[in-house]
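**Q** Sequence first, predicted coordinates after that:
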Amino acid sequence: MFRIAGIAAIVAVILIALSTYTVDERERVILFSLGEVRKVDLEPGLHLKFPLINNVRFFEARIMTLNIPPDRFLTSEAKNVIVDFYAMWRIDDVGQFFRATRGDERNAEERLAQILRDGMRNEFARFELAEVVAGERLTIMGAVRQEALETARELGVTLVDVRIRRIDLPDEVSESVYDRMRAERQRVAQDFRARGQEEGERIRSRADRDRTVILANAFRESEEIRGVGDAGATEILGQAFGADEDFFRFHRSLIAYRNSLSGERSTFVMDPTSDFFRYFKDPEGVNDPQSP
């Protein structure tokens, strides 16, 4: 009796397990009836099904990342670039997704990758290499996503975003691009140097001209001041000489003695009877220096 009840309980548990299924909020669900799609996008929670008649397939409802291997694309000037990019996508219409891909996410990713490669190829062909490297990534990504949206809807999926990780140049292209960039920078630098040298020459010429004018004006003013000073000195000397000729001669001789005998050792080679020694022999300076 107890054995029969135990067996019945086990059978009941098995029937309940086969007759119920739970839908998670992070999942999309298709309910099949004898292999045909009966219901799609069931509400989250506990649901019932007929064992052996119904079966359920679960699909990811969250956003998934499609990592695409780096590929080569040609720019408008036939330059190769190596582009590493990825896409964010999710299942939007689970019924259409199942009909287009038989519910195989790998198949869907392969088809999406091909769609995105074609879009990238078309967009890169519209731009030159310098534009691609410099800052047209957002334009390219937006155009690729917009172009791939309609095709992706045929798969029952939505492209959330397309992003370029990096753009590399092949070795043979990198060297030529770097050489061209280096030549362009050198040309710009030489242009700046030439303009700087031209401006420097202009400044030096202006400075030399101003210097010449300033020196000429200063020399003229100094000569005028010197002339005024010499005239004043001559006038003062004339007045002094006219006031007392003997004292003037005596004072001038003292100045000559001081200037001549200012060194520690002074040696003179001259006639002792010369006029220079007049005041040595006679303080009055009236005797004839030629007398013995």
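**A** Noted; the coordinates are in hand. Note that this is a predicted model, so its numbers are computed, not measured.
**Q** rest of the way, CA atoms for contacts and neighbours
**A** OK.
**Q** show me where the chain has helices.
**A** Ranges of helices within the chain are 2-19, 94-101, 105-124, 129-134, 137-153, 171-243, 245-260, 278-281, based on DSSP state H.
**Q** Looking at the ones you listed, which is nearest to Met64?
**A** helix 105-124 (10.0 Å; Cα to Cα).
**Q** Need the residues that contact that closest one.
**A** Residues from elsewhere that reach helix 105-124 (Cα atoms under 8 Å, 6 or more residues apart in numbering): 66, 68, 73-76, 101, 132, 140, 143-145, 147-148, 151-152, 155.
**Q** Next: stretch 176-195.
**A** Against stretch 176-195 from outside (Cα under 8 Å, 6+ apart): no residues.
**Q** rewinding a little: I'd like the helices of the chain written out as CSV, with mean neighbour count added.
**A** Listed next are the helices of the chain as CSV, based on neighbours: other Cα atoms under 10 Å:
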stretch, mean neighbour count
helix 2-19, 12
helix 94-101, 18
helix 105-124, 18
helix 129-134, 15
helix 137-153, 17
helix 171-243, 12
helix 245-260, 13
helix 278-281, 16
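**Q** Can you check which of those helices gets nearest to Arg163?
**A** Among the helices of the chain, helix 137-153 comes nearest to Arg163, with 6.2 Å by Cα to Cα.
**Q** Turn the helices of the chain into CSV, including mean pLDDT.
**A** Output for the helices of the chain, formatted as CSV (pLDDT from 0 to 100):
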stretch, mean pLDDT
helix 2-19, 67
helix 94-101, 85
helix 105-124, 89
helix 129-134, 75
helix 137-153, 84
helix 171-243, 85
helix 245-260, 72
helix 278-281, 65
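**Q** Output those in CSV; the columns should cover distance to Met88.
**A** As requested, the helices of the chain are exported to CSV (distance: least, Cα to Cα, whole Å):
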stretch, distance to Met88
helix 2-19, 35
helix 94-101, 16
helix 105-124, 11
helix 129-134, 22
helix 137-153, 10
helix 171-243, 30
helix 245-260, 104
helix 278-281, 119
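**Q** Could you name the stretch from those helices that's closest to Pro44?
**A** helix 94-101 (14.9 Å).
**Q** And the contacts of the closest one?
**A** The contact list for helix 94-101 (Cα under 8 Å, 6+ apart) reads 28-30, 37, 40-41, 59, 91, 103-104, 107-108, 154-157.
**Q** Name the nearest of the residues you listed relative to Arg163.
**A** Among the contacts of helix 94-101, Val157 lies closest to Arg163 (Cα to Cα), at 17.3 Å.
**Q** what are the bridge partners for the closest one, then?
**A** Ile91 (DSSP bridges).
**Q** Next: the one 10 residues further on.
**A** In this structure, Ile167 bridges to Val83 when assessed by DSSP bridges.
**Q** Please name the residues that touch it.
**A** Val81, Ile82, Val83, Asp84, Val133.
**Q** gap between the nearest residue to the first one once chain neighbours are set aside and Leu74?
**A** Taking Cα to Cα, 6 or more residues apart in numbering as the measure, Val81 lies nearest to Leu169, with 4.9 Å between them; neighbours along the chain are not counted. Look at Leu169 and Leu74: by Cα to Cα, to the nearest Å, they are 11 Å apart.
**Q** cool, Glu25 as well?
**A** From Glu25 to Leu74 the distance is 43 Å (Cα to Cα).
**Q** These two: who's more crowded?
**A** Leu74 (20 against 13; other Cα atoms under 10 Å).
**Q** Quick one: residues contacting the nearest residue to the more buried one once chain neighbours are set aside.
**A** Counting by Cα to Cα, 6+ apart, Asn80 is the residue found nearest to Leu74 once chain neighbours are left out, at 4.7 Å. Shown in contact with Asn80 (Cα under 8 Å, 6+ apart): Arg72, Phe73, Leu74, Leu169, Pro170, Val173.
**Q** give the contact list for the fourth one.
**A** Residues counted as contacts of Leu169 (Cα under 8 Å, 6+ apart) are Asn80, Val81, Ile82.
**Q** go with 10 Å
**A** By Cα atoms under 10 Å, 6 or more residues apart in numbering, the contact set of Leu169 is Arg72, Lys79, Asn80, Val81, Ile82, Val83, Leu129, Val133, Glu175, Val177.
**Q** Next: the fifth one.
**A** With contacts defined as Cα under 10 Å, 6+ apart, Pro170 is in contact with Arg72, Lys79, Asn80, Val81, Ile82.
**Q** Same check on the second one?
**A** When contacts are counted by Cα under 10 Å, 6+ apart, Phe73 touches 79-83, 117-118, 120-125.
**Q** mind running it again at 8 Å?
**A** Contacts of Phe73 (Cα under 8 Å, 6+ apart): Asn80, Val81, Ile82, Val83, Met120, Arg121, Phe124, Ala125.
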